[in-house]
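How does the following fold in three dimensions:
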Amino acid sequence: MLGTHLFAAAAVLTAAMPGAAPAAVVRGPVTEMTFAVSPDAVTKGSRITLAGEAGAGDSGNAGPVDLFFRKSEDDAYARIGRITASATGRFSTTLTATTSGDYQAVYRGNKKRGEASGSDYLAVYTTRTVKRLIYTWSATGMQCHPVCRAHSPELTLGQGPVHVSFRRDCGQARSGGSLGFTPDPWNKHEPGDPGWRDFPDGAGPAEFDLAPTKPAGHFYVTWSSVAREPGQPTRCQLSYTATQTATEITYV
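Numbers count the residues shown, from 1 in each chain. Coordinates of the predicted model:
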């Protein structure tokens, strides 16, 4: 975020001939000023630097600089301190950031320099980690002999791993399958693909993380079951829930 870059000049009026309008005369060089707050966006409680340069030329610029702050354009500026510009015109100070708003620096000049001012905006925010639901699915009494399949609608993931809670119960039937996230319309994957988890014999963790290589795609589950004995039921109870942790930003 760029700070402002303003000019000001001191002027006096001199008397002209009787009846003539007075003429404005500039006294001394034009006062130039730059001012910025850095960084321009920080977490609450961080240290920030207010710095700039005012005057004309490389010397003779020593003078007071008043600092002001306002929360919004609807508020009046409130004075928060005073620092001093050096002979070169440079000035700087550090503060603790507590809220977003506009900072203003007013260079008061000296006998040879006029006043000048500049302002810059600072964004202040807080963060917190939240768990967000991406997708959940469940099915009761699915006939997964020889196989059943289900997929989610098109989804876009956030950054980071996807945590999955997976439940499957096919009674006494032998079962197995896979669950993953993919942009591939044919749902192909190789063994060890970080976006997939295979359960060749039905066993395996009920809680695990996936790391899909692409953020857009859909979840896909395929499951099969075979009765160990003729006449045994082969219906399965399947469900999964996918979540991600994310950093939530709130500006203050």
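
Would you map the strands across the stretch 51-200 of the chain?
Secondary structure of the stretch 51-200 of the chain (DSSP state E, counting those that start in this stretch): strands at 63-70, 78-85, 90-96, 101-107, 116-143, 148-151, 155-156, 162-169, 174-182, 196-199.

who does the shortest one pair up with?
Strands that pair with strand 155-156, judged by DSSP bridges, come out as strand 216-226 (antiparallel).

Next, the angle strand 174-182 makes with the strand it pairs with.
170 degrees (axes from the mean of the first three to the mean of the last three Cα atoms, to 10 degrees).

I would like the residues contacting strand 216-226, please.
Strand 216-226 is contacted from outside by 135, 137, 142, 144-157, 168, 170, 173-184, 187, 234, 236, 238, 240, 242, using Cβ atoms under 8 Å, 6 or more residues apart in numbering. (C-beta placed from N, C-alpha, C; glycine too.)

now that strand, how far from the centre of its chain.
Offset of strand 216-226 from its chain centre (Cα atoms, centre = their mean, to the nearest Å): 34 Å.

Flag every buried residue along that strand.
Across strand 216-226, burial judged by 16 or more other Cβ atoms under 10 Å covers 217-225.

And the average pLDDT for it is what?
In this model, strand 216-226 carries a mean pLDDT of 94.

out of the strands of the stretch 51-200 of the chain, nearest to A246?
A246 lies closest, by Cβ to Cβ, to one member of those: strand 116-143, at 5.4 Å.

Where does pLDDT dip in the protein?
Applying pLDDT under 70 to the chain flags the ranges 1-28, 231, 233.

hmm, try it at 80
Scanning the chain for pLDDT under 80 picks out 1-29, 172, 227-234.

what's the closest non-adjacent residue to the spatially most central residue of it?
Nearest residue to the geometric centre of the chain (Cα atoms, centre = their mean): I249, 6.1 Å. Nearest-residue entry for I249: Y125, 5.1 Å, with adjacent residues in sequence omitted and distances by Cβ to Cβ, 6 or more residues apart in numbering.

for Q143, same thing?
Leaving aside its sequence neighbours, Q143 sits nearest to R235 (Cβ to Cβ, 6+ apart; 5.7 Å).

Also R90?
Distance criterion Cβ to Cβ, 6+ apart; nearest residue to R90, sequence neighbours excluded, is E53 at 5.0 Å.

So that neighbour sits against A36, correct?
No: counting by Cβ atoms under 8 Å, E53 does not reach A36; the two are 10.1 Å apart.

on that earlier part again, whichever of the contacts of strand 216-226 end up buried, select them in PyMOL.
Per 16+ other Cβ under 10 Å, the buried members of the contacts of strand 216-226 correspond to this PyMOL selection:
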select buried, resi 135+142+144+145+148+150+152+157+168+170+173+175+176+177+178+179+180+181+182+187+234+236+238+240+242
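
wait, what's in contact with the residue nearest to Q143?
R235 neighbours (Cβ under 8 Å, 6+ apart): 141-144, 170-171.

Let me have those residues in a markdown table, extended by distance to K112.
Output for the contacts of R235, formatted as a markdown table (distance: Cβ to Cβ, whole Å):
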| residue | distance to K112 |
| --- | --- |
| G141 | 91 |
| M142 | 87 |
| Q143 | 93 |
| C144 | 89 |
| C170 | 90 |
| G171 | 94 |
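
Closest one of these to R70?
M142 (62.1 Å).

give the contact list for the closest one.
Per Cβ under 8 Å, 6+ apart, neighbours of M142: 148, 223, 235-238.

distance of it from G171?
Using Cβ to Cβ, to the nearest Å, we find M142 at a distance of 12 Å from G171.

Now for T245, how many residues are close by?
T245 has 14 neighbouring residues, counting by other Cβ atoms under 10 Å.

from here on, count from 899
Taking 899 as the first residue, the last one we looked at is T1143.

roughly how far apart are it and C1134?
For T1143, the distance to C1134 equals 30 Å [Cβ to Cβ].

same deal with V963?
74 Å.
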